[in-house]
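Novice: let me see the structure of the following:
(chains A and B, ligands or ions: 2)
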Amino acid sequence: MKGAISKFRRSMISWPKPREDVRFSACHYCDTLHEAPPVREGKSARCARCGGLLYENQPASLRRASAFSLAALMLMALGHVFPFLIMDAATLQKKLTLVGAAMSLMADGFQALGIAIFLFTMVAPLLLAGGMIYVCLPLMFGRAAPGAFLVAKWMYISEPWNMVEVFLLGVLVSLLKLAKVADVHFGVGFWAFAGVMLCTAAAVSGIDREELWDRLEVAKL
Amino acid sequence: MNSRFPKAADRGLAGCRTCGKVSPVTMGCCPRCGTHLHLRKPDSIRNTVALMIAATILYIPSHLLPIMTVVELGDVTHNTIISGMMTFWRTGAYPIAIVIFTASILIPLLKIIALSWLCAAATGKVHPSPKTLGRLYWFTELLGRWSMIDIFVVGILVSIVQLGNYMSITPGLGAIAFAGVVLLTMFAAMSFEPRLLWDRLDDMNPAAPDAPVEAATLESGS
Ligand SMILES: [Zn+2]
Ligand SMILES: [Zn+2]
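Specialist: Ligands and ions are numbered 1, 2, ... in the order given. Next up, the predicted model:
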């Protein structure tokens, strides 16, 4: 009974906070300074002035972030093996892969564009999903992986540059463009990356930034 | 009324933009993640304006130069973003034509207009209504990436349409210019400092000297 109560209480308080006198949180939009008490699971703290999100406590955050980023990584591997589009024109069959799209732009002398595709559709999603699992999986056992602080930092830097969903819409537009000259259809790679998009979104929303860093700080001590 | 809300910057405290930890700005780097600490992004307005001017200049050639060249049975056609959109419109593919119009023509323009307005508001030239403009800023940051779609389409078509003498596609200089527009507007949005809007609002309604400096209470809820 006592164990059940303490377990219940532990679920009511939020993630472990580093030991400090008073915790502060500054709103990213208006810089209003707040005292930052822990919030219950499923609750979020919002700025008293502008209503912007300060931090939130997601239920089962580490498990969700680890599981979804692992799924995203596996789907990503699948998406690199199978083509996004398959085109049958006359006797030829052409396949589109992510690497192929970046390489052909480089081969035509447009290195900058090839590198942009490479960074936005391959490197950024990998940093995001890979970084998330590298940081969150050991945290589930209360440990910080070596270099976890650097990985977490790069994970957040790569976030706005992850353009998987934009690329997928581009594949759809290309399919419609080609439909009048050839027989084109989606390959497994397209659906795999659609999965990558959903799993990455679920993994990122699974854990709050403040919570992740607090847990890292506690694990390091 | 605004004096009710204490600012972190007024106490020399800076919220880390990577991890959110609030530390004295005199520490230089965030003690938790090592990111440089600033009360406000340095030279925010100057950088945003410079990047935006560069984007505006590039916007013109990005629509005049071909983004790709199609060679079909010896016939060479140069495609611009607008001609690609028109082809979809003529063939009745209205939703796709609208998507391309929005992503490639409208969003970059709206972004440049929105950021100009934000910079004017942050320097006090127009009224800084931070709640509305804050939402506008959030929107420009969210939408900007979708403009990359045309660049991805070029990459996809160049890669897959290599059918020897029958048909082939090569990328054009317009694609470089347009990618430049998208990246410059993204960097411009990132270098803008939305907290300046609230700073201007507080300049207009100076706090009473005996204003309370207690941290504002938290509103909880999902
Ligand atoms: Zn706020
Ligand atoms: Zn930090």
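
Novice: helices and strands around the longest helix seen in chain B, which ones?
Specialist: Among the segments of chain B that qualify as a helix by DSSP state H, the longest is helix B:44-64. The helices and strands touching helix B:44-64, judged by 3 or more CB pairs under 8 Å, 6 or more residues apart in numbering or on different chains; DSSP states H and E, are helix B:81-90, helix B:107-122, helix B:173-191. Where C-beta positions appear, they are placed from N, C-alpha and C, glycine not excepted.

Novice: close to chain A, is the next helix or strand after the shortest one?
Specialist: This means helix B:81-90. Later in the chain than helix B:81-90, the nearest helix or strand by DSSP states H and E is helix B:94-100. Yes - applying CB under 8 Å from any CB of the partner chain, one finds helix B:94-100 touching chain A at B:Ile96, B:Val99, B:Ile100.

Novice: and helix B:94-100, C-alpha only, in PDB?
Specialist: Backbone C-alpha positions of helix B:94-100 (Å, rounded to 0.1, in the frame of the first residue of the first chain) are rendered in PDB as follows:
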ATOM      1  CA  TYR B  94      -5.700  22.900 -59.800                       C
ATOM      2  CA  PRO B  95      -4.800  21.600 -56.300                       C
ATOM      3  CA  ILE B  96      -1.100  21.000 -57.400                       C
ATOM      4  CA  ALA B  97      -1.000  24.400 -59.200                       C
ATOM      5  CA  ILE B  98      -2.300  26.100 -56.000                       C
ATOM      6  CA  VAL B  99       0.300  24.200 -53.800                       C
ATOM      7  CA  ILE B 100       3.100  25.400 -56.100                       C
END
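
Novice: now do it: distance to the chain's middle.
Specialist: 22 Å (CA atoms, centre = their mean, to the nearest Å).

Novice: which positions in it come out as buried?
Specialist: Using 16 or more other CB atoms under 10 Å in any protein chain shown as the test for burial, helix B:94-100 gives B:Ile96, B:Ala97, B:Val99, B:Ile100.

Novice: ok, so of those, who is nearest ligand 1?
Specialist: B:Val99 (33.7 Å; CB to the ion).

Novice: ok, the closest one - contacts?
Specialist: A:Leu169, A:Val173, B:Ile149 (CB atoms under 8 Å, 6 or more residues apart in numbering or on different chains).

Novice: dump the residues you listed to TSV, plus neighbour count and pLDDT.
Specialist: Below are these laid out as TSV (neighbours: other CB atoms under 10 Å in any protein chain shown; pLDDT from 0 to 100):
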residue	neighbour count	pLDDT
A:Leu169	18	94
A:Val173	23	92
B:Ile149	27	93
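
Novice: now, the residues you listed that are in helices?
Specialist: Using DSSP H, A:Leu169, A:Val173, B:Ile149 are the members of these that sit in helices.

Novice: domain parsing for chain A?
Specialist: A:2-56, A:61-219 (automatic domain parsing).

Novice: possible to save those as CSV with distance to B:Met204?
Specialist: Shown next, in CSV, are those (distance: least, CB to CB, whole Å):
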stretch, distance to B:Met204
domain A:2-56, 15
domain A:61-219, 31
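
Novice: quick one: which of those is nearest B:Tyr137?
Specialist: domain A:2-56 (8.4 Å; CB to CB).

Novice: next, format the contacts of B:Val99 as TSV and append distance to A:Val204.
Specialist: Converted to TSV, those look like this (distance: CB to CB, whole Å):
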residue	distance to A:Val204
A:Leu169	19
A:Val173	26
B:Ile149	21
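
Novice: low-confidence ranges, chain B, go.
Specialist: Along chain B, the model assigns pLDDT under 70 to residues B:1-4, B:206-222.

Novice: residues from it in reach of ligand 2?
Specialist: For chain B, the contact set with ligand 2 under CB under 5 Å from the ion comprises B:Cys16, B:Thr18, B:Cys19, B:Lys21, B:Cys30, B:Arg32, B:Cys33, B:Thr35.

Novice: for those residues, which one is nearest A:Thr91?
Specialist: B:Thr18 (54.0 Å).

Novice: how deep is the closest one tucked in, by neighbour count?
Specialist: 20 (other CB atoms under 10 Å in any protein chain shown).

Novice: about what we covered before: any idea which of the domains of chain A is most buried?
Specialist: domain A:61-219 (a mean of 19; mean count of other CB atoms under 10 Å in any protein chain shown).

Novice: just how off-centre is it within its chain?
Specialist: 9 Å.

Novice: how about the residues of chain A by ligand 1?
Specialist: So far as CB under 5 Å from the ion goes, chain A lies against ligand 1 at A:Cys27, A:Tyr29, A:Cys30, A:Thr32, A:Cys47, A:Arg49, A:Cys50, A:Gly52.

Novice: next one, pLDDT for the first one please.
Specialist: Looking back up the chat, that one is A:Cys27. You'll see A:Cys27 listed with a pLDDT of 90.

Novice: what residues go with each domain of chain B?
Specialist: B:1-39, B:43-204.

Novice: identify each buried residue in the shortest one, please.
Specialist: Pointing back at domain B:1-39 there. B:5-9, B:11, B:13-16, B:18-23, B:30, B:32-33, B:35, B:37, B:39.

Novice: and that domain, is it in reach of ligand 1?
Specialist: No - using CB under 5 Å from the ion, domain B:1-39 never reaches ligand 1; the gap is at least 8.2 Å.

Novice: how long is stretch B:69-82 from one end to the other?
Specialist: 14 Å (CA to CA, to the nearest Å).

Novice: what does stretch A:101-118 give?
Specialist: In terms of CA to CA, the two terminal residues of stretch A:101-118 are separated by 9 Å.

Novice: stretch B:67-81 now?
Specialist: End-to-end for stretch B:67-81, by CA to CA: 7 Å.

Novice: return the set of buried residues in it.
Specialist: B:Ile67, B:Met68, B:Val70, B:Val71, B:Asn79, B:Thr80, B:Ile81.

Novice: what's the closest non-adjacent residue to the closest residue to ligand 2 within chain A?
Specialist: Residue of chain A nearest ligand 2, by CB to the ion: A:Trp213 (7.1 Å). Leaving aside its chain neighbours, A:Trp213 sits nearest to B:Cys19 (4.1 Å; criterion: CB to CB, 6 or more residues apart in numbering or on different chains).

Novice: same thing with B:Ser147?
Specialist: Counting by CB to CB, 6+ apart, B:Ser147 lies nearest to B:Val182, which is 4.5 Å off, once chain neighbours are set aside.

Novice: ditto for B:Val126
Specialist: B:Ala120 (4.9 Å).

Novice: cheers, nothing more for now.
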